[in-house]
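# using only what follows, build the 3D model:
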Amino acid sequence: MSNVVFILLVILFFSILLTFVVKQSSKEYILEEQAAKKIALAIDAAKPGTQIFLNLANVLEKNVRDEPITIQGNIVYVKLTEKTGYGYSFFNNVNVEVVKQGNGKIMDENGGVLFRVR
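Modelled structure (predicted):
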């Protein structure tokens, strides 16, 4: 009886481990993490009144959402699909706005995204 319980626990452990590894190694997750950290580091270095223009074409080409980048408080959220998402905080005490372009999207035709720091 104790061997059966042990085998079930081992199977459960390895299935959870495999799920974690698959999620962490997905391309979308890596792109979300890189983009969130890049944006947060740029915001940390910015002063109020600064406009930050980042080329995120390689990240946002995988996007299936209307608003893949959101900033709530001091956390940058990048969510390219419905299943994944990554948040990274910045330390600068500023308000940041993701500026929508003329086409109604956050990314312009060259893959650039504009952030306004206030």
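
# when you work out contacts or count neighbours from here on, use the C-alpha atoms and nothing else.
Fine.

# contacts for the longest helix seen in the chain, please.
Taking DSSP state H as the criterion, the chain has its longest helix at helix 2-24. For helix 2-24, the surrounding residues in contact (CA atoms under 8 Å, 6 or more residues apart in numbering) are Tyr29, Ile30.

# which residues of the protein score low on pLDDT?
The model of the chain has no residue with pLDDT under 70.

# and the residue most central in space within it, how far from Lys105?
For the chain, the residue nearest the mean C-alpha position is Val78 (2.6 Å; CA atoms, centre = their mean). To Lys105, Val78 is 15 Å away according to CA to CA, to the nearest Å.

# thinking again about what came up before, tell me the first helix or strand C-terminal of the longest helix of the chain.
helix 27-45 (DSSP states H and E).

# residues contacting the closest residue in space to Thr50 that isn't next to it in sequence?
Sequence neighbours aside, Val117 is the residue nearest to Thr50 in space, at 5.3 Å (criterion: CA to CA, 6 or more residues apart in numbering). Residues in contact with Val117, defined by CA under 8 Å, 6+ apart, are Ile43, Ala46, Lys47, Pro48, Gly49, Thr50, Gln51, Ile52, Val94, Asn95, Val96, Glu97.
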